[in-house]
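> I'd like to go over a predicted model; first the sequence, then the structure.
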Amino acid sequence: MLSKMTNKKSGRILSIVVALILVFSTISLSAYAISDSEKAEYNQKIEDIRSQIAENKKKIQELRDEASTYDDEIGGYQDKIDALQSQIDLYNQEIALIDADIKGIEDEITGIENEIEALDKQVKKLDAQVVEIQQDIADTYTILGERLRASYMSGTSSSLEYLLTSDNFQYQSYLERIELLERISQHDNDVIKSLEEDIVKLEEKVKEIEATKVEKNEKIEVLDAKVVDLEGKKQVQVDARKVIEDAEAEIQADLDKVMSIVNGLNASSKEYEAAIERGEATILDYEHKLSGENESYGSGTTGNMVWPVPYNNTYVSSSFKMRTLNGVTRQHNGIDICRGSSSYGATVVAVKAGTVTTAYHSGYNGGFGLYVVIDHGDGVKTYYAHLSSVNVNVGDYVTQGSKIGEIGNTGYSFGAHLHFGLMINGGWVNPMNHLSKPAGLEIRG
Ligand SMILES: [Zn+2]
């Protein structure tokens with residue numbers, strides 16, 4: 001009975017304790033935790049974003065597949081361009097030869113033109129000489145006529161008269177001529193000799209003029225042929241250039257068409273990639289909210305926090321501020337710490353004692369890569385991201401200054417560094433206002 005009573009009593013006490021615990025835990029939940037509906041909402045949002053990301057990744061793959069279907073075509077145009085290039089080289093060699101030909105013909109033409117000009121001058125000179133000789137002949141005739149009249153009037157009919165009246169004196173026998181000539185005065189003889197010479201000279205000049213004119217006409221014919229030749233060569237050049245230009249324009253137009261399609265596909269891929277990045281950042285924000293159950297109402301006291309990278313040659317490469325990375329401007333929710341010598345593999349320590357709430361040993365994890373979150377109580381949490389290795393697990397209690405991992409380049413990172421974030425009561429704050437900094441710390445960004 002007693003024992004029954006005692007059992008009954010102890011049972012009642014137990015139920016009171018249980019009730020009290022339930023009341024306290026209810027109070028605790030309502031005081032610190034986000035509501036179930038909020039939790040469900042955040043999880044739903046994360047799920048939605050994840051499915052969008054998966055969809056976008058599929059779209060990127062589709063775009064890449066589509067772009068790769070143009071690879072052969074682009075390669076074909078590249079081959080055509082290469083072939084055209086060797087054709088262009090040949091044409092250029094041909095054009096260079098034709099240029100040399102044209103230069104040679106132009107020189108020849110200039111030479112012939114000079115020759116024709118010289119011949120023209122020659123003809124003019126000969127013409128003048130002919131006029132001069134004709135004048136001489138006329139003058140000589142006048143003198144002879146005067147002498148004839150004088151001898152006629154003095155009655156001494158001379159052989160000169162006979163000579164001058166004879167139509168065919170060249171058929172006279174030599175002796176007859178000598179005989180006749182002996183009978184005329186020496187002066188008359190000289191006059192007739194000069195006349196004969198003038199007549200011969202005149203005939204020579206006329207012949208020379210004829211020959212010069214023939215030569216000139218021949219030169220003009222050669223010149224005309226050369227000009228036709230030159231025109232032909234120039235046309236060959238024009239035609240060759242046109243063939244090249246037409247072929248180039250055709251291939252370029254085809255290539256431009258394909259490249260604009262491929263560029264369009266690549267641009268779309270880039271947009272989807274940017275959307276994925278934004279989605280992953282949003283997921284991270286929701287995950288922080290979900291994990292921030294006990295942060296909302298903490299005191300936020302950070303106390304003494306040591307520098308997370310325990311070396312004397314570290315610097316801040318990027319501060320807690322708005323910054324633009326790959327065209328996207330957003331708040332940098334932490335500081336980036338590098339080490340003077342090699343950052344990669346450098347030890348990362350807990351800035352303060354606490355319990356590990358997150359420890360990713362692999363994966364992209366929304367851009368943080370391998371990362372650790374330590375809950376220090378009082379609504380204070382610290383984040384250590386882009387690690388190359390993680391030495392702790394969820395639930396571990398870590399002391400201040402103990403190694404939790406090593407600096408790396410995992411996740412959305414472009415070079416080994418530690419991204420250190422400090423969250424107080426669910427909001428990011430500037431860690432520089434809470435960490436004890438090494439002496440002479442450099443802020444480079
Ligand atoms: Zn960072």
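Good, I have the coordinates. Note that the structure is a prediction, hence the values are computed from the model and not measured.

> so where's the stretch 151-300 of the chain shaky on pLDDT?
Across the stretch 151-300 of the chain, the ranges flagged by pLDDT under 70 are 151-189, 291-297.

> can you do 50?
169, 171, 174, 294-295 (pLDDT under 50).

> first-to-last residue distance for stretch 380-400?
14 Å (CA to CA, to the nearest Å).

> before we move on, what about stretch 334-353?
Termini of stretch 334-353 sit 19 Å apart (CA to CA).

> and that stretch, does that touch the ion?
Yes: on the criterion CB under 5 Å from the ion, stretch 334-353 is in touch with the ion at residue 336. Quick note: C-beta positions are derived from backbone N, CA and C, even for glycine.

> how far out from the middle of the chain is that stretch?
Here the centre of stretch 334-353 is set off from its chain's centre by 41 Å, with CA atoms, centre = their mean, to the nearest Å.

> quick one: list the elements packing against the helix or strand hosting residue 233.
Taking DSSP states H and E as the definition, residue 233 sits inside helix 186-291. Using 3 or more CB pairs under 8 Å, 6 or more residues apart in numbering; DSSP states H and E, the elements in contact with helix 186-291 are helix 36-68, helix 71-154, helix 159-165, strand 328-331.

> distance of the closest residue to the ion within the stretch 51-200 of the chain relative to residue 396?
Closest approach of the stretch 51-200 of the chain to the ion (CB to the ion) occurs at residue 53, with a separation of 21.4 Å. Look at residue 53 and residue 396: by CB to CB, to the nearest Å, they are 31 Å apart.

> which of these two has more neighbours?
residue 53 (20 against 17; other CB atoms under 10 Å).

> residue 280 is in contact with that one, correct?
Yes: contact status for residue 53 versus residue 280: in contact at 6.9 Å, counting by CB atoms under 8 Å.

> around the ion, pick out the residues from this structure.
Residues of the chain lying near the ion (CB under 5 Å from the ion): 336, 419.

> top strand in the chain by residue count?
strand 380-390 (DSSP state E).

> so which bits of it are buried?
Going by neighbour count (16 or more other CB atoms under 10 Å), the buried part of strand 380-390 is 380-388, 390.

> what's the average pLDDT for the following helix or strand past the helix holding residue 233?
Sequence-wise, the next helix or strand downstream of helix 186-291 (DSSP H and E) is strand 314-318. Across strand 314-318, pLDDT averages out at 94.

> strand 314-318: how far from the chain's middle?
Counting by CA atoms, centre = their mean, strand 314-318 comes out at 36 Å from the chain centroid.

> each with direction, which strands does it pair with?
When sheet partners are counted by DSSP bridges, strand 314-318 sits next to strand 335-339 (antiparallel), strand 442-443 (parallel).

> where does the closest residue to the ion within the chain sit, in terms of helix or strand?
Closest approach of the chain to the ion (CB to the ion) occurs at residue 419, with a separation of 3.3 Å. Remark: residue 419 resides in strand 418-424, with elements defined by DSSP H and E.

> so in that sheet, which strands flank that strand, and in what orientation?
strand 335-339 (antiparallel), strand 380-390 (antiparallel), strand 427-429 (antiparallel).

> and the contacts of the first one?
To tie it back to what came earlier, the one meant is strand 335-339. With contacts defined as CB atoms under 8 Å, 6 or more residues apart in numbering, strand 335-339 is touched by 308-309, 311, 313-320, 346, 407, 416-420, 430-432, 445.

> one more: the last one?
The contact list for strand 427-429 (CB under 8 Å, 6+ apart) reads 320, 331, 333-334, 421-423.

> what is the neighbour count of residue 200?
Neighbours around residue 200, by other CB under 10 Å: 11.
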